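[1] fold the following, please.
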Amino acid sequence: MITAIILVNVERQSLAAVTKEILAVDGIVEVHAVVGEYDLAAIARVKDQQQLSAIIADKMCNQIPGITHTKTLLSLNAQYNYDAAKAYGME
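    I've put the predicted structure just below:
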């Protein structure tokens, strides 16, 4: 399982609509409104790099109006107090 944190800048008037559209993307499991340099932090949990690439390059950058910039962080190691692969259907 690949986990990515996708930081998103959004046109202010589009924040609610963009949040809803990001949550509808297959592989996005959470969206957080944040303060600071970015407006949203989307958590992606996917099976492979191709699925992550489709989310970032196709969906978020080209198909969701209102997104002005993204920055993606890849998790190299994660610790959970639950079975994450089972919880996200990645067994």
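
[2] mind checking the end-to-end distance for stretch 57-72?
    Using CA to CA, to the nearest Å, one end of stretch 57-72 lies 11 Å from the other.

[3] need the pLDDT of the residue of the chain most remote from its centre.
    Distance from the centre of the chain peaks at N81, with 21.3 Å (CA atoms, centre = their mean). At N81, the predicted lDDT confidence score is 77.

[4] for A85, same thing?
    At A85, the model reports a pLDDT of 73.

[5] follow-up on the earlier one: and the residue farthest from the centre of the chain, that one's in a strand?
    No - assigned with DSSP: H, G, I helix; E, B strand; the rest coil, N81 falls outside any strand and is coil.

[6] quick check: it vs M60, distance?
    29 Å (CB to CB, to the nearest Å). No exception for glycine: its C-beta is placed from N, CA and C like everyone else's.

[7] quick check, A54 in a helix?
    Yes - checked against three-state DSSP, A54 lies within a helix.

[8] can you name the residues that contact it?
    By CB atoms under 8 Å, 6 or more residues apart in numbering, the contact set of A54 is empty.

[9] sketch out the low-pLDDT regions of the chain for me.
    90-91 (pLDDT under 70).

[10] again, 90 this time
    Along the chain, segments meeting pLDDT under 90 span 1, 58-62, 77-91.

[11] mind listing the strands for it?
    2-10, 28-33, 40-46, 67-74 (DSSP state E).

[12] tell me what the second one is packed against?
    Put plainly, it is strand 28-33. helix 15-23, strand 40-46 (3 or more CB pairs under 8 Å, 6 or more residues apart in numbering; DSSP states H and E).

[13] now the angle from it to strand 2-10?
    With axes from the mean of the first three to the mean of the last three CA atoms, to 10 degrees as the basis, strand 28-33 and strand 2-10 are set at 40 degrees to each other.

[14] quick one: buried residues of strand 28-33?
    For strand 28-33, the neighbour count (16 or more other CB atoms under 10 Å) marks I28, V31 as buried.

[15] fine, thanks again, bye for now.
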